[in-house]
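In: Quick check, what structure comes out for this input:
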Amino acid sequence: MMLLIIMVVGEDLREPSYEYSLEDAIEMLGIVGLFLVLGAPIAYAITVFFGLPLYFISNRLGLINLWSVTFGAAFASVLPILLMSVQRGFVLYDDPGKSSLFFYLAFALCGFVVGLVFWFVSGLYKEAAHNNRLSKDAPKSGAPVS
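Out: As a prediction, the model looks like this:
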C-alpha cells in the first residue's frame, strides 16, 4: 500500500520531511490572518452574489436535494478560480511537477463540504423525499402493513 502512495504522491511520507520552528508557527499565523483578511470576504462575496442566487433558482424550480446543494456548492467554489485562470489556459503552475487539477479538486472538495454542512445546518435534510410519507394513511416506518 505504501508503495502505491509513494507512486501516486511521488514522495515517501513515512518520515517527517520538515522540522517546524517558531518562525513556521508565525508564518502559519500569517497565512491564517491573510485568509481572514482576504479569503473570507471573497468567499462571502461569492456566496452572496453566486451561491445564494443559485440556491434560490434551484429552490424555485424544485431542484433542491442533497446532490444539487453539495455539487452546486462545489461548482460555486471552483468557478472563481476557473475564471481567474482562463487567461493562462487553466494552468495555475508553471512547474510541470505541480498539478492544477489537484488545486481545482481541493477547492471543489471544500465547496462540497460546505454544501454538506449547509444541507444539515439549514434543516433541508428534514424536508428530503426520503423523510416524507406518501400519504397520511401510509404506515410509519417499521409499522406492520395489514
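
In: going forward, measure contacts between C-alpha atoms and count neighbours the same way
Out: OK.

In: which stretches of the protein have low pLDDT?
Out: 1-22, 95-98, 128-146 (pLDDT under 70).

In: could you point out the longest helix in it?
Out: helix 100-121 (DSSP state H).

In: What residues of that helix count as buried?
Out: For helix 100-121, the neighbour count (16 or more other C-alpha atoms under 10 Å) marks 100, 104, 107-116, 118-119 as buried.

In: Pull the residues that contact that helix.
Out: 66, 69-78, 81, 90-93, 125 (C-alpha atoms under 8 Å, 6 or more residues apart in numbering).

In: one more time with 6 Å, if that's ok
Out: Identification of contacts with helix 100-121 by C-alpha atoms under 6 Å, 6 or more residues apart in numbering yields Val69, Thr70, Phe71, Ala73, Ala74, Ser77, Val78, Val91, Leu92.

In: In helices, which of these appear?
Out: Val69, Thr70, Phe71, Ala73, Ala74, Ser77, Val78.
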